[in-house]
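Colleague: Attaching a predicted model along with its sequence, questions to come.
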Amino acid sequence: MTVHTGQSTAKAAGEGARGRGRATGERPGRLRRALSTHWYAWTMVAPVVIVLGVIVGWPLGRGIYLSLTDANERNVGRTIGANHIDATYKFVGLDNYVDVLSDPVFVQRLTWTVVWTVCCVSTTFLLGLVLANMLNRQFRGRAAYRMMLILPWAVPGFVSVFAWRFLFNRDNGLLNKVLDGGGISAVPWLDDPTWAKFSVIAVNVWLGVPFMMVALLGGLQSIPGELYEAAEMDGAGPWKRFLYITVPGLRAVSSTVILLSTIWTFNMFPVIFLLTRGGPGDSTEILVTQAFRQAFVESPRDFAGSATWGVLILAVLMIFAFVYRRSLRKQGEVW
Amino acid sequence: MSSQRGKRSPLASVGLHATLIGASVIAVFPVLWVFLTSLKPAKYAITTDFFKDTTLDNYRYLVDKTSFFTWFGNSALIAGVTTLLGVFISATTGYAVSRFKFPGMRPLMWTLLITQMFPMAILIVPLYNLMGQLGLLNQPVGLIITYLTIAVPFCAWMMKGFFDGIPVEIDESGRVDGLNPFGTFWRLILPLAKPGLAVTAFYSFITAWGEVAYSSAFMVGDENLTLAGGLQTFVTQYTANWGPMTAASVLIAVPAAVFFLFAQKHLVAGMTAGATKG
């Protein structure tokens, strides 16, 4: 994180806080002083802390607890009419984790989720980079192109996914009709495991490019033009200029958007669920849809199993974020 | 700006426009196709003609035969309140994290990042129970709070980056003039951060307007549904009836697109600030 406290009081407060961190829990005077220095900062973040604490913290704790029990639809507490049935599920320790991790299904899902994430993020990033570089030039119609290219972002996700389902439809979809017109036989876009994988990735890339493009375009515009002029003066060709000015200049933006979009793609529920429901069979099922399926689709609903998958997803992502951040730090990026 | 300004060869120019036109067609076509289909009579929905007996029947059907406008109202209320609160909360948080060093700041930043990693699959069951206990199921408030937890972490990060770009001298001048930190924030900094606020508002709105999983789990009963949930009942009820569904999609997409038009001017500026300094 960059140092951004230009205010002298804030700086002093920061040092005070660090000092306090070393020797915790002594004289109440310290607390009062901290309160009087920081009360406005704390007031400003209070709404977020409260909302996150109640709506994320509590369910998270509860989810982790559920993953250690054998809770399912039949044994959780519920009220049917006037009768209240008490919960009868019990603590089973790490049994769920043993079950999930020893099941080949886990490796299968994890592999596909990783393939899906890598394909989506890399394609989205490359396309976003190419388009951003094009839009960063001066030419007529730039604003119009930008508007059209951002459109997929402006449309609610479930509407676009519906639009694609409509296009992908095997018998009546436009894509197959067009191919048919060209003499190519119908492609089972969503009905064949391999094609379905291709289709979900294509749709997710379509949805994700505008965000990448806008972020990278912003990054490009923050690179001073003089750098390019100087490089040109020194005889650097377009490719060299791109390599030695554009790429380093986009470092900070790229590292943030790649991290975010990896996390989002990893957990991308709507695209897969609404496009293929994880099918055909279970060929496009990623970890998140698997967890959802266990809790809401299969019968009896397996709450404990679903929570276990959820915790594992979180663990994978946290490891990823940690490693990613470490490697950025090693490259000298302060973040 | 590129240094190639003014001396692009005609060939490169053609290539540039051709690529951009191709990309634009791919970006626009699926949406356009849904719009064109919504104007065809339902029985021609799956034809490949661009226009066929153009009619507004599908829209009339929606208005007369379904609770479309109730769903629309629910969604508008939920998305509107989420946007207002989301912008306000993420702005104060972003400002606090950008300007003050205070105990708990780093853990807070981490929490904001990690919250985005939470798969909704792990939260949805406990959250459903919690909402049930609080009596917030089937209440707009329940969904609004839930959406805030999705939108705010990212928005606060973006706002922080944005505030980082505003010189602290402005804060100092405010203090010299006798404003307290809230006054400085409200009167001096917020007006300067308008582009950032526009991006945050857009993001919060889109999050709330287009969310599917929570809204279909939390809201039941025809009169309580949001658009996302409503459209789904529609699918099961009138399977393969593409006509009215395309019309519904158009009506859902329009407010988002309009909102987007207002925000997009600031989008690039806001994103830059958020992403480069994030």
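Modeller: Arrived safely. Numbering: from 1, shown residues only, chains lettered A, B, ... in the order given.
Colleague: Can you give me the buried ones in stretch A:114-125?
Modeller: Using 16 or more other C-beta atoms under 10 Å in any protein chain shown as the burial criterion, the residues of stretch A:114-125 that qualify are A:W116, A:T117, A:C119, A:C120, A:V121, A:T123, A:T124, A:F125. The way it works is simple: take the backbone N, C-alpha and C, and place the C-beta from them, glycine included.
Colleague: And the contacts of that stretch?
Modeller: A:197, A:200-201, A:204-205, A:208-209, A:212, A:254, A:257-258, A:261-262, A:265-266, A:268, A:286 (C-beta atoms under 8 Å, 6 or more residues apart in numbering or on different chains).
Colleague: In helices only, show me those residues.
Modeller: A:197, A:200-201, A:204-205, A:208-209, A:212, A:254, A:257-258, A:261-262, A:265-266 (DSSP state H).
Colleague: Nearest to chain B among those?
Modeller: Within the set of the ones in helices among the contacts of stretch A:114-125, A:V257 lies nearest chain B; the separation is 6.0 Å, counting by C-beta to the nearest C-beta.
Colleague: Ignoring the adjacent residues along the chain, who's closest to that closest one?
Modeller: Of all residues not flanking A:V257 in the chain, A:A215 sits nearest, at 4.7 Å (C-beta to C-beta, 6 or more residues apart in numbering or on different chains).
Colleague: tell me what the host helix or strand of the one you found is packed against?
Modeller: Element membership for A:A215 (DSSP states H and E) is helix A:193-221. In terms of contacts (3 or more C-beta pairs under 8 Å, 6 or more residues apart in numbering or on different chains; DSSP states H and E), helix A:193-221 is packed against helix A:104-135, helix A:142-154, helix A:157-168, helix A:251-266, helix A:269-275, helix B:10-38, helix B:242-277.
Colleague: Okay, buried residues for it please.
Modeller: Residues of helix A:193-221 classed as buried under the neighbour-count rule (16+ other C-beta under 10 Å) are A:195-197, A:199-220.
Colleague: same check, this time on stretch A:291-299
Modeller: Of the residues in stretch A:291-299, those buried under the neighbour-count criterion (16+ other C-beta under 10 Å) are A:A291, A:F292, A:R293, A:Q294, A:A295, A:F296.
Colleague: Keep only those residues that also lie close to chain B.
Modeller: Near chain B, judged by C-beta under 8 Å from any C-beta of the partner chain, the entries from those are A:A291, A:F292, A:A295, A:F296.
Colleague: Next secondary structure after the host helix or strand of B:L84?
Modeller: In this structure, B:L84 is located in helix B:68-99 according to DSSP H and E. Once helix B:68-99 ends, the next helix or strand along the chain (criterion: DSSP H and E) is helix B:105-115.
Colleague: any idea of the angle that following helix forms with helix B:68-99?
Modeller: Here helix B:105-115 points in a direction 150 degrees away from that of helix B:68-99 (axes from the mean of the first three to the mean of the last three C-alpha atoms, to 10 degrees).
Colleague: quick check: mean pLDDT across the helix or strand following helix B:105-115?
Modeller: Tracing the chain past helix B:105-115, the next element assigned as helix or strand by DSSP H and E is helix B:120-134. For helix B:120-134, the per-residue pLDDT values average out at 77.
Colleague: Hey, what's the angle from helix B:120-134 to helix B:105-115? Just curious.
Modeller: For helix B:120-134 and helix B:105-115, the angle between their directions (the same axes, to 10 degrees) works out to 100 degrees.
Colleague: per-residue confidence for the most centrally placed residue in chain B?
Modeller: The geometric centre of chain B, computed from its C-alpha atoms, lies nearest to B:I206 (C-alpha atoms, centre = their mean), at 1.5 Å. Among the per-residue scores, B:I206 shows a pLDDT of 84.
Colleague: tally of neighbours for the residue nearest to it when sequence neighbours are not counted?
Modeller: Spatial nearest neighbour of B:I206, chain neighbours left out: B:A256 (6.2 Å); criterion: C-beta to C-beta, 6+ apart. Counted with other C-beta atoms under 10 Å in any protein chain shown, the burial measure for B:A256 works out to 20 neighbours.
Colleague: Isn't A:G310 up against A:G63?
Modeller: Yes: contact status for A:G310 versus A:G63: in contact at 5.8 Å, counting by C-beta atoms under 8 Å.
Colleague: Just give the closest residue to B:G229, not the sequence neighbours.
Modeller: The spatially closest residue to B:G229, leaving aside those adjacent along the chain, is B:S216, at 4.5 Å (C-beta to C-beta, 6+ apart).
Colleague: Which neighbouring elements make contact with the helix or strand harbouring that neighbour?
Modeller: Here B:S216, judged by DSSP H and E, is contained in helix B:213-218. Under the contact criterion of 3+ C-beta pairs under 8 Å, 6+ apart, helix B:213-218 touches helix A:269-275, helix B:120-134, helix B:140-164, helix B:227-237.
Colleague: what's near enough to touch the residue nearest to B:I206?
Modeller: Contacts for B:A256 (C-beta under 8 Å, 6+ apart) come out as A:A154, A:V155, A:P156, B:F205, B:I206, B:W209, B:G210.
Colleague: Could you list the buried residues of the helix holding B:L84?
Modeller: Of the residues in helix B:68-99, those with enough neighbours to count as buried (16+ other C-beta under 10 Å) are B:68, B:71-72, B:74-76, B:78-79, B:81-83, B:85-87, B:89-99.
Colleague: Same check on stretch B:21-35?
Modeller: Taking 16+ other C-beta under 10 Å as the basis for neighbour counts, the residues of stretch B:21-35 that come out buried are B:A23, B:S24, B:I26, B:A27, B:V28, B:P30, B:V31, B:W33, B:V34, B:F35.
Colleague: Kindly state the pLDDT recorded for the closest residue to A:W206 other than its chain neighbours?
Modeller: The shortest distance from A:W206 to any residue other than its chain neighbours is 5.7 Å, reached at A:P152 (C-beta to C-beta, 6+ apart). What the model reports as pLDDT for A:P152 is 87.
Colleague: Equivalent analysis for A:T276, please.
Modeller: Reading off the per-residue confidence, A:T276 sits at a pLDDT of 83.
Colleague: burial count for it?
Modeller: Counted with other C-beta under 10 Å, residues neighbouring A:T276 total 25.
Colleague: And for B:T200?
Modeller: B:T200 is flanked by 31 other residues according to other C-beta under 10 Å.
Colleague: again with A:Y89
Modeller: Counted with other C-beta under 10 Å, residues neighbouring A:Y89 total 16.
Colleague: Also A:S102?
Modeller: By the measure other C-beta under 10 Å, the count of residues near A:S102 is 8.
Colleague: how close does it sit to A:T111?
Modeller: A:S102 sits at a distance of 16 Å from A:T111 (criterion: C-beta to C-beta, to the nearest Å).
Colleague: same deal with A:P300?
Modeller: From A:P300 across to A:T111, the span is 28 Å (C-beta to C-beta).
Colleague: rewinding a little: would you pull up how far the helix holding B:S216 lies from the middle of the chain?
Modeller: Between the mean C-alpha point of helix B:213-218 and the mean C-alpha point of its chain there is a distance of 17 Å (C-alpha atoms, centre = their mean, to the nearest Å).
Colleague: go on, stretch B:126-138?
Modeller: That offset, for stretch B:126-138, works out to 24 Å (C-alpha atoms, centre = their mean).
Colleague: So it, near chain A or not?
Modeller: Yes: part of stretch B:126-138 sits near chain A under the criterion C-beta under 8 Å from any C-beta, namely B:P126, B:L127, B:N129, B:L130.
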